[in-house]
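Colleague: Fold the following for me, if possible:
(2 chains)
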Amino acid sequence: MSDSALLALNLAEARDGLAHKMFSARELAAAYNDAVTEASPLNAYITPTPERALAMADTADQRLAHGEALPLDGIPVAVKDVFCTKDILTTAGSHILDGFHPPYESSVTEKLWRAGAVMLGKANLDEFAMGSSSTTSWYGPVENPWRRPGDNRPLVPGGSSGGSAAAVAAHAALAATGTDTGGSIRQPASFCGIVGLKPTYGRCSRWGVVAYASSLDHPGPMGRTVRDAAILLRAMAGHDPRDSTSAPVPVPDFEAALDGDIKGLRVGLPREYRVDGMPREIEALWQQGGEWLRAAGAEPVDISLPMTKYALPAYYIVALAEASSNLARYDGVRFGLRVEGDGLEDMYELTRAAGFGGEVRRRVLIGTYVLSAGYYEAYYLKAQRVRALIGRDFATAFERVDCILTPTTPSAAFPIGEKSGDPIEMYLNDVFTVPANLAGLPAISVPAGLSSDGLPLGLQITGRAFDEETVLRVAEVLERAAQFRHLPGFFAGGDR
Amino acid sequence: MPLDKATVAHIATLARIRLSESELEPLAEELSHILTWVEQLNEVDTTGVTPMASAAAASLPLRDDTVSDGGCRDAILGNAPSAARGFFTVPKVVE
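Modeller: Numbering: from 1, shown residues only, chains lettered A, B, ... in the order given. Modelled structure (predicted):
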């Protein structure tokens, strides 16, 4: 098989090709290593690991040859650079983690390697996963492989898992891990025309993932198809005693849930998601999504989630408070950057001033403020109370419906550098994705159409806690109806 | 409630992030802008609502109080910007 044909396979197809010995894991890994190099102008990777990929592929080939294949044997994946990988540089996109080589492996990546997956490298992201554009990394911005036809301006891939999304979309990874604190898997998936799933809180272990906001951080899969996401999720999920919030629940065979049968399923359409300024075409795509599901036998139901408008401000209080606490560990003593000063306090302050970028600094300062004496009640506890009401909204809705259909984002990808003046304008990108993080519910973004300027748009399915199976089943029906077959302007192995 | 320069300087000290005098004014403006935006939460009546800290099960799991990890001092010190004789080293704290 030619390299470009290999790179065009999705995960399920590559798995079958490996099983039928149509090509070896080494051939696949070599094609992807070349693709990573070819796609390097996108800056999707901070640290490619081509030798590691070949070595892992050789081990997978031995198992495949002996008929002892593991579920992900020989599947090349990108790892968002917030997952600690033993002895491999782990940066979280931050200067303050300079030179950090973790002496341990995150639970999720350990599970992937034990399932036979092959590591292509560490994917670029917004610094500490704080952002919606993948422009705040110390290692430079990530470029979306998509461009508006006739417009040469590079676009953001979304964020914070923008390197993961760009790599998958550009055929420079077969699939990837991401993390989602306020939309960081789903929004870049939507911007890059791929599938991204944020599982239920507690489904995938956070152990060994660089923390942003611990009660909102969700590791999850990103892939080219819903089936790919289902396959990857099964390998990433499962109880982990090292994460006290990891749920001791069994991991189903998510792929088996993709039976296309959604007859009689009730799909909620929340009226509060018709926000001011949302382009007409996104509203139209959302309605089209409802029609597709109706045609497949589901029943669209109008519902109300009255607290939707308050999810974003509540999120910013909770997330920033947790971030200011989590990022206290970066002090120049145990790992990463140290800037020497006049005494210990001076060293702390200079190290953190030099090590954190503008957005991280802003968030740590606000988080510190809302937790400080006299403001804790007014800001932090207030936001946690609103969070409880948002959870209640969903609980009420799920008494009437089985899942909820919405757009993933209120816009398509935008040019790099746009929306960098006003932080709130950037935050508004996450208006549809943040509620599922506050409530801990599973939610997926599926590419469903193109905007009038030729960019991918995603639809989102949100489900009940630990009901990823319904979310995936409905998502696959949407995927089949949408027939999204478009390719970005640039992809590895394509004609340039 | 907008933040003034003195408050920003105080927060920065609490957060152990050095700011120069010239950064205080623009940051005060920026942070005030964001805090004013989040204050729309005050429109919501939350009387009697219990704050939600997490979507995870309310009780934390317990395990036996036994050593389950360790014996990797050198691996941990390997990432330290400065270490000596099996310890992290920092600038002198006590005169």
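Colleague: Which residue ranges of the stretch 351-496 of chain A form helices?
Modeller: A:358-371, A:382-397, A:423-427, A:434-439, A:468-482 (DSSP state H, counting those that start in this stretch).
Colleague: what sits up against the first one?
Modeller: The set of residues that contact helix A:358-371 without belonging to it, under CB atoms under 8 Å, 6 or more residues apart in numbering or on different chains, is A:94, A:126-128, A:130-131, A:136, A:316-317, A:319-325, A:327, A:353, A:356, A:375-376, A:379-380, A:383, A:423, B:3, B:7-8, B:11-12, B:14-15, B:17, B:27, B:30-31, B:34-35. Just so you know, the C-beta spots here come from the backbone N, C-alpha and C atoms, and that holds for glycine as well.
Colleague: try the second one
Modeller: Identification of contacts with helix A:382-397 by CB under 8 Å, 6+ apart yields A:268, A:270, A:303-308, A:310-311, A:313-314, A:317-318, A:321, A:370, A:404, A:435, A:438-441, A:462, B:38, B:41-42, B:44, B:46, B:49-53, B:55.
Colleague: quick one: buried residues of it?
Modeller: Of all the residues in helix A:382-397, those buried under the rule 16 or more other CB atoms under 10 Å in any protein chain shown are A:382-391, A:393-394, A:397.
Colleague: same deal with the shortest one?
Modeller: Across helix A:423-427, burial judged by 16+ other CB under 10 Å covers A:Pro423, A:Met426, A:Tyr427.
Colleague: Go through these and name the one nearest A:Trp286.
Modeller: A:Tyr427 (21.4 Å; CB to CB).
Colleague: unless I'm mixing things up, that closest one is touching A:Leu312, no?
Modeller: Yes: the criterion here is CB atoms under 8 Å, and A:Tyr427 meets it with A:Leu312 at 6.2 Å.
Colleague: all strands in chain B, in order from the N-terminus.
Modeller: Secondary structure of chain B (DSSP state E): strands at B:83-84, B:87-88.
Colleague: Which residues outside the helix or strand bottoming out on mean pLDDT in chain A are in contact with it?
Modeller: None of the helices or strands of chain A scores lower by mean pLDDT, DSSP states H and E than helix A:423-427, at a mean of 80. By CB under 8 Å, 6+ apart, the surrounding residues in contact with helix A:423-427 are A:131-133, A:312, A:316, A:359, A:362, A:419-420, B:30, B:33-34, B:37.
Colleague: and the residue of the stretch 51-200 of chain A found nearest chain B, helix, strand or coil?
Modeller: Closest contact between the stretch 51-200 of chain A and chain B, by CB to the nearest CB, is at A:Pro103 (3.7 Å). Assigned with DSSP: H, G, I helix; E, B strand; the rest coil, A:Pro103 falls in the coil class.
Colleague: tell me, which helix in chain B spans the most residues?
Modeller: Identified as the longest helix of chain B according to DSSP state H is helix B:21-38.
Colleague: And that one, what does it pack against?
Modeller: helix A:308-326, helix A:358-371, helix A:423-427, helix B:5-14 (3 or more CB pairs under 8 Å, 6 or more residues apart in numbering or on different chains; DSSP states H and E).
Colleague: Contacts for it, please.
Modeller: So helix B:21-38 is in contact with A:313, A:316-317, A:362, A:365-366, A:369, A:379, A:383, A:422-424, B:1-5, B:7-9, B:19, going by CB under 8 Å, 6+ apart.
Colleague: So the nearest residue to A:Arg15 once chain neighbours are set aside versus A:Arg114, what's the distance?
Modeller: Among residues not flanking A:Arg15 along the chain, A:Ile75 sits closest, at 6.6 Å (CB to CB, 6 or more residues apart in numbering or on different chains). According to CB to CB, to the nearest Å, A:Ile75 stands 13 Å off from A:Arg114.
Colleague: Quickly find the element holding A:Arg242.
Modeller: Using DSSP states H and E, A:Arg242 sits in no helix or strand.
Colleague: In contact with it, which residues are there?
Modeller: Taking CB under 8 Å, 6+ apart, one finds A:Ser107, A:Ser205, A:Trp207 in contact with A:Arg242.
Colleague: Of those residues, which belong to helices?
Modeller: Those of the contacts of A:Arg242 lying in helices (DSSP H): A:Ser107.
Colleague: so where's chain A shaky on pLDDT?
Modeller: Along chain A, the parts satisfying pLDDT under 70 run over A:495-496.
Colleague: quick one, strands of it?
Modeller: A:45-48, A:76-80, A:118-123, A:175-180, A:195-198, A:218-223, A:266-270, A:299-303, A:403-407, A:443-450, A:456-463.
Colleague: Each with direction, which strands does the third one pair with?
Modeller: Strand A:118-123 has the following strand partners under DSSP bridges: strand A:45-48 (antiparallel), strand A:76-80 (parallel).
Colleague: Determine which stretch of these is the most buried.
Modeller: strand A:76-80 (a mean of 31; mean count of other CB atoms under 10 Å in any protein chain shown).
Colleague: Report the separation between A:Asn437 and chain B.
Modeller: Distance of A:Asn437 to chain B, given as CB to the nearest CB, to the nearest Å: 9 Å.
Colleague: beta partners of A:Ala176?
Modeller: With DSSP bridges as the criterion, A:Ala176 is bridged to A:Ala78, A:Met222.
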